[in-house]
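Undergrad: Next comes the sequence, and after it the predicted model I'd like to discuss.
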Amino acid sequence: MAAEYTGLCCGSLDRVHEVLRLVGVPQEGVTAVRGWFKDTLPTLDIPRIALLHIDADWYDSVLLCLEHLFDRVVPGGFLVFDDYGYWEGCRMGWEELRARRGLNLEVINIDGVGVYLQVPAATVN
């Protein structure tokens, strides 16, 4: 099924900025990075993430995003998967990272397709 979409899922920076403007996000708070995940993620200097929204669909892309960004999600932060209930590769990417790290985080259904989970808050001793 995914092979039918190869090459069709392409975005543009103009469209990203247009959508952000429509929902009221100030442009100065956004840094858009053009390119493939494999090329751009290793170059990003993002120390902390409060909300990580992954809309990558395919297994390799989801796993790559998780490997580069999951550890930067702050305690109490959220991880959202756009197509968890639709693309098998999205689920497989999360399940691989979860199993490899022994993570037991509840995946909460949003609408049958999207899901989210919350990284546990740090405990205070």
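TA: Perfect, I can see it now. Numbers count the residues shown, from 1 in each chain.
Undergrad: hey, let's count contacts and neighbours off CA atoms from now on
TA: Fine.
Undergrad: Give me the below-cutoff pLDDT ranges for the chain.
TA: Screening the chain residue by residue with the criterion pLDDT under 70, one finds the ranges 1-9, 122-125.
Undergrad: change it to 80
TA: Scanning the chain for pLDDT under 80 picks out 1-11, 29-31, 122-125.
Undergrad: got the contact list for stretch 70-82?
TA: For stretch 70-82, the external contacting residues (Cα atoms under 8 Å, 6 or more residues apart in numbering) are 46-57, 90, 113-122.
Undergrad: likewise stretch 52-60?
TA: 2, 62, 65, 69-70, 73, 78-84, 87-93.
Undergrad: Inside helices: which ones of the residues you listed?
TA: 62, 65, 69, 88-93 (DSSP state H).
Undergrad: Quickly name whichever of the residues you listed is closest to Asp39.
TA: Checking the ones in helices among the contacts of stretch 52-60 against Asp39 with Cα to Cα, the nearest one is Cys65 at 11.3 Å.
Undergrad: how near is that closest one to Asp57?
TA: Distance, Cys65 to Asp57, using Cα to Cα, to the nearest Å: 11 Å.
Undergrad: hmm, which of the contacts of stretch 52-60 are the buried ones?
TA: 62, 65, 69-70, 73, 78-84, 87, 89-93 (16 or more other Cα atoms under 10 Å).
Undergrad: Check the gap between the most centrally placed residue in the chain and Phe37 for me.
TA: Geometric centre of the chain, nearest residue: Ile54, 1.8 Å, by Cα atoms, centre = their mean. Ile54 sits 11 Å away from Phe37, going by Cα to Cα.
Undergrad: Return every residue with contacts to both of these two.
TA: Cys65.
Undergrad: which residues of this structure fall in helices?
TA: All helices of the chain, identified by DSSP H, fall at 13-22, 37-40, 59-69, 88-101.
Undergrad: can you pull the buried residues of the third one?
TA: The one in question is helix 59-69. Neighbour-count burial for helix 59-69 [16+ other Cα under 10 Å]: 59-66, 69.
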